[in-house]
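K.L.:
Let me see the structure of the following:
(2 chains)
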Amino acid sequence: MTMDSMQSQSPRPRLSLGPILYHWPREQVLDFYAEMLETPVDVIYLGETVCSKRRLLRPEDYWELAERVVAAGKQAVISTLALIESDGELKTLKRICADERFLVEANDLGALEFLEGRPFVAGHSINLYNQRTLAFLVARGLKRWVLPVELGRETAADLLAARADGVECELFAFGRLPLAYSARCFTAYNRDLPKDDCRFCCGDYPDGLLVATQDGEPFLALNGIQTQSAGTHNLLPSLQEVTRMGVDLLRISPQSQHTAGIVDVFSACLTGDMDFSTGMSKLRDWTPLGLCDGYWTGQAGIANSPIERRV
Amino acid sequence: MELVCPAGNLPSLKAAVDNGADAVYIGFRDDTNARHFAGLNFGDKQIREGLKYARDRKVKVFVAVNTYAQPSGWSRWTAAVDRAADLGVDALILADMGVLDYAAERHPNLNLHLSVQGSATNPAAIGFMHRHFGIRRVVVPRVLSLAQVANLIENVEVPVEIFGFGSLCVMVEGRCLLSSYASGQSPNTYGACSPAAHVEWRDTPQGQETRLGGVLIERRGHGEPAGYPTLCKGRFTVEGEIRHAIEEPTSLNTLDILPGILAAGVSAIKLEGRQRSTRYVSQVTGVWREAIDACKRNPQAFRAKESWHQTLASVSEGAQTTIGPYHRPWH
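P.N.:
Prediction:
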């Protein structure tokens, strides 16, 4: 099937830009968003989702950025912390959820308590694995959910078939996979620093601290309390399939370099302005530690499926 | 404070009851629970016998249905809930919001506990689960310090259960996908971390290697002990150095902070290890019964006995134990 004939059946998925998962300098963050406003993403998620100690940008800064996103004709969503432990974190979460100017993405169950009764997005770290959870959260106000990253196309198709009208499904389509969260800061741990005196050493690793196996294979990336895949999850090879399925949004997770180029590749491949192999070759150049998509095809997340398994 | 002990089979259930458990938690023989291991868990006949054995001795039985259902397997989870309700168990330990919603609607009188796999770590999350599903207990993930646990207890209506002993999850439970990243199967989707079918042990000239889904997660010297092959306890290369990048092969032991746990108002202490032997269950249950009783009698004078530590060390995985996240410097 060509992309053109596909369009008559399902609208093309729109592109979203996930929250920045890393601790970048404030200027870099502001420059990054200035650049992103010029890209063909439709939705931009803004906010700190990993560590409450990172405060180079405060909620006020994200709200201000959100105003600019809206002024640029895009949707702004305020994203929240994935693991809420302390009173301070809970207080900030409550404050963010109380602001009704923008849609909010819940990433910890605690956010649901504050967002219930108004429209919200459930992020991929909310465990929405089945149709009953989906229906339950829709009744609470869910308008969009990001599929948990370990779930594949079969479950995505079942959930898409079961969803209520107007509820959107977003896939984590490109980026290092967020795999786990802990009380421990692994970046500080590997620098032999206690978390309470972390010296913001995660800032030294703009795309996470690489963990390789003892036989030299890149395996994980440590990003503060979050553990990510070293390989980059990539659904570009499955664009036709996700379009056919009626997926609404594809999320591109920011990396420190080439994010605008990655957005352009996805956008151009969706419209048919770029062929798949050109797109793949660009993405490979920008992700030196390799691509994977095993979760989507029902295998280990680290697997890189052969093309015939993808469509 | 209730002592909640693990049982992977009927002899272990009886051992837990005989050695002083207040409650025993078990699972069915499928992927609806987070210890989905070959040869482990309970059929209806064993559960009925176990229930009778426990009840006759005034011990409760909880059933864990604490993994996440996907649409294609949904009926297995609802069947597990119905089965537990029909058996008349004392509580059902659930994690999945959809399964909780089903259980609360279909069996309104059933005692529901929120599993550690439910990943609720703060008053707002617990309040949400309580309001919607009427949970009567929450098992909190191993991410909070003891001070945070005490603060949580002051701020929630729901009794709080914590893990006191056993193998230590480093990541917030219910949201760790490391196992499926390497193997395709995780606690959430399959009911096991590092499922045995995906683990390989190899003797090589460089050392003994453990692979998960083909990924080298540990290489140790000949003769070094091998623990359960979770990849979070393996050695990797970080900035040119081979090290335990996530955690050492330690297990959790909170015996030394028992007075603090009691003072914090913890309602129940859970011992991990449904996959462990009947001997393990007997030994750890006996020690913890004695320790809790001694602590309740006189918390100020409580000191963990050396003999308790020796007994626990003899059955612990790995040589080291830790207070883990309950102690802030661990973070």
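
K.L.:
And the top helix by length along chain B, what's buried?
P.N.:
Across chain B, the longest stretch assigned as helix under DSSP state H is helix B:278-297. Neighbour counts over helix B:278-297 (16 or more other CB atoms under 10 Å in any protein chain shown) mark B:278, B:280-292, B:294-295 as buried. In this view, the C-beta of every residue, glycine as well, is placed from N, C-alpha and C.

K.L.:
if I pick the spatially closest residue to residue B:163 that is not a sequence neighbour, what's in contact with it?
P.N.:
In space, and not counting its chain neighbours, residue B:163 is closest to residue B:270: 5.2 Å by CB to CB, 6 or more residues apart in numbering or on different chains. By CB atoms under 8 Å, 6 or more residues apart in numbering or on different chains, residue B:270 lies in contact with B:4, B:6, B:25, B:116, B:139, B:161-164.

K.L.:
so which of those is the most crowded?
P.N.:
residue B:25 (29 neighbours; other CB atoms under 10 Å in any protein chain shown).

K.L.:
Doesn't that one belong to a strand?
P.N.:
Yes. Judged by DSSP: H, G, I helix; E, B strand; the rest coil, residue B:25 forms part of a strand.

K.L.:
Among the contacts of residue B:270, which lie within strands?
P.N.:
Cross-referencing the contacts of residue B:270 against strands under DSSP state E gives B:4, B:6, B:25, B:139, B:161-164.

K.L.:
which one of the residues you listed sits closest to residue B:229?
P.N.:
Nearest to residue B:229 among the ones in strands among the contacts of residue B:270 is residue B:6, at 19.6 Å by CB to CB.

K.L.:
Return the set of residues that bridge with that closest one.
P.N.:
Legend: beta-bridge partners of residue B:6 under DSSP bridges are residue B:25.

K.L.:
correct me, but it touches residue B:24?
P.N.:
Yes. Counting by CB atoms under 8 Å, residue B:6 touches residue B:24, with 7.5 Å between them.

K.L.:
what touches both of those two?
P.N.:
Counting by CB under 8 Å, 6+ apart, the contacts common to residue B:6 and residue B:24 are residue B:16.

K.L.:
Count the residues that sit near residue 187.
P.N.:
All of this is about chain A. There are 26 residues near residue A:187, going by other CB under 10 Å.

K.L.:
that's the other chain; I wanted chain B
P.N.:
Neighbour tally, residue B:187, other CB under 10 Å: 28.

K.L.:
which residues of chain A score low on pLDDT?
P.N.:
For chain A, the stretches with pLDDT under 70 are A:1-9, A:307-311.

K.L.:
Okay, helices next: where are they in it?
P.N.:
Here chain A has its helices, by DSSP H, at A:3-7, A:26-36, A:59-71, A:87-98, A:109-115, A:131-140, A:153-162, A:186-190, A:239-245, A:259-271, A:276-286.

K.L.:
Given the strand of greatest length in chain A, what are its sheet partners and their directions?
P.N.:
Ranked by residue count, the top strand of chain A under DSSP E comes out as strand A:168-181. Strand A:168-181 has the following sheet partners, assigned by DSSP bridges: strand A:142-146 (parallel), strand A:226-234 (antiparallel), strand A:249-252 (parallel).

K.L.:
Tell me what angle that strand forms with helix A:131-140.
P.N.:
For strand A:168-181 against helix A:131-140, the angle by axes from the mean of the first three to the mean of the last three CA atoms, to 10 degrees is 110 degrees.

K.L.:
Endpoints of stretch A:135-147, how far apart?
P.N.:
Length of stretch A:135-147, first residue to last, CA to CA, to the nearest Å: 14 Å.

K.L.:
For it, give me every contacting residue.
P.N.:
Contacts of stretch A:135-147 (CB under 8 Å, 6+ apart): A:103, A:105, A:112, A:115-124, A:126, A:128, A:134, A:155-156, A:159, A:162-164, A:166-172, A:248-249, A:251, B:97-98, B:101, B:132.

K.L.:
Buried residues in it, which are they?
P.N.:
So for stretch A:135-147, counting by 16+ other CB under 10 Å, buried means A:135-138, A:140, A:142, A:144-147.

K.L.:
In contact with residue A:95, which residues are there?
P.N.:
Residue A:95 sits next to residue A:59 when contact means CB under 8 Å, 6+ apart.

K.L.:
run the last query once more with 10 Å
P.N.:
For residue A:95, the contact set (CB atoms under 10 Å, 6 or more residues apart in numbering or on different chains) comprises A:59, A:114.

K.L.:
Pull up the gap between it and chain B, please.
P.N.:
Noted for residue A:95: a distance of 13 Å to chain B, by CB to the nearest CB, to the nearest Å.

K.L.:
Near the residue lying closest to residue B:73 once chain neighbours are set aside, how many other residues are there?
P.N.:
Nearest residue to residue B:73 in three dimensions, chain neighbours excluded: residue B:31, at 7.4 Å (CB to CB, 6+ apart). Residues near residue B:31, counting by other CB under 10 Å, number 20.

K.L.:
do residue B:56 as well
P.N.:
9.

K.L.:
out of everything not next to it in sequence, what's closest to residue A:166?
P.N.:
Distances taken as CB to CB, 6+ apart place residue A:143 nearest to residue A:166, at 7.2 Å, with adjacent residues excluded.
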